[in-house]
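Enquirer: Here is a sequence with its predicted model. Questions after.
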Amino acid sequence: MGTITEYLKTHTHKHLADLLGVSEQAVSYWSRNPGKIGAVACCSLEIATHGAITRMDQRPDLFGDLGYDDDDTE
């Protein structure tokens, strides 16, 4: 799980923009202003990156802790 900033350390803006069908400028804006990514875009980021970027990590003010626990074995 992670944020857009962490994801962009190993992927290009173009790669992420292509996954989402948005401009590279949009990805750049989000990476510089992570608190301004909308709720729908956060969900799209999570789906498109198969959870590498999570909505909870990206916007905890909107999504908070959804109860996911990596160590949960139950």
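Expert: It's in.
Enquirer: Tell me, what's the model's pLDDT at the residue nearest the centre of the chain?
Expert: What sits nearest the mean C-alpha location of the chain, by CA atoms, centre = their mean, is Ile53, with 3.6 Å. According to the prediction, Ile53 has pLDDT 94.
Enquirer: ditto for Ala41
Expert: At Ala41, the pLDDT value in this model is 94.
Enquirer: separation between it and Tyr29?
Expert: Remark: distance between Ala41 and Tyr29 (CB to CB, to the nearest Å) = 11 Å. Yep, even glycine has a C-beta here, placed from its N, CA and C like the rest.
Enquirer: Looking at the two, which has the bigger crowd around it?
Expert: More crowded of Ala41 and Tyr29, by other CB atoms under 10 Å: Ala41, with 18 against 14.
Enquirer: With adjacent residues omitted, what lies nearest to the more buried one?
Expert: Trp30 (7.2 Å; CB to CB, 6 or more residues apart in numbering).
Enquirer: check contacts around the one you found.
Expert: Neighbour list for Trp30: Ile4, Lys36, Ile37, Ala41 [criterion: CB atoms under 8 Å, 6 or more residues apart in numbering].
Enquirer: which stretch of helix or strand covers it?
Expert: Assigned by DSSP states H and E, Trp30 falls within helix 24-32.
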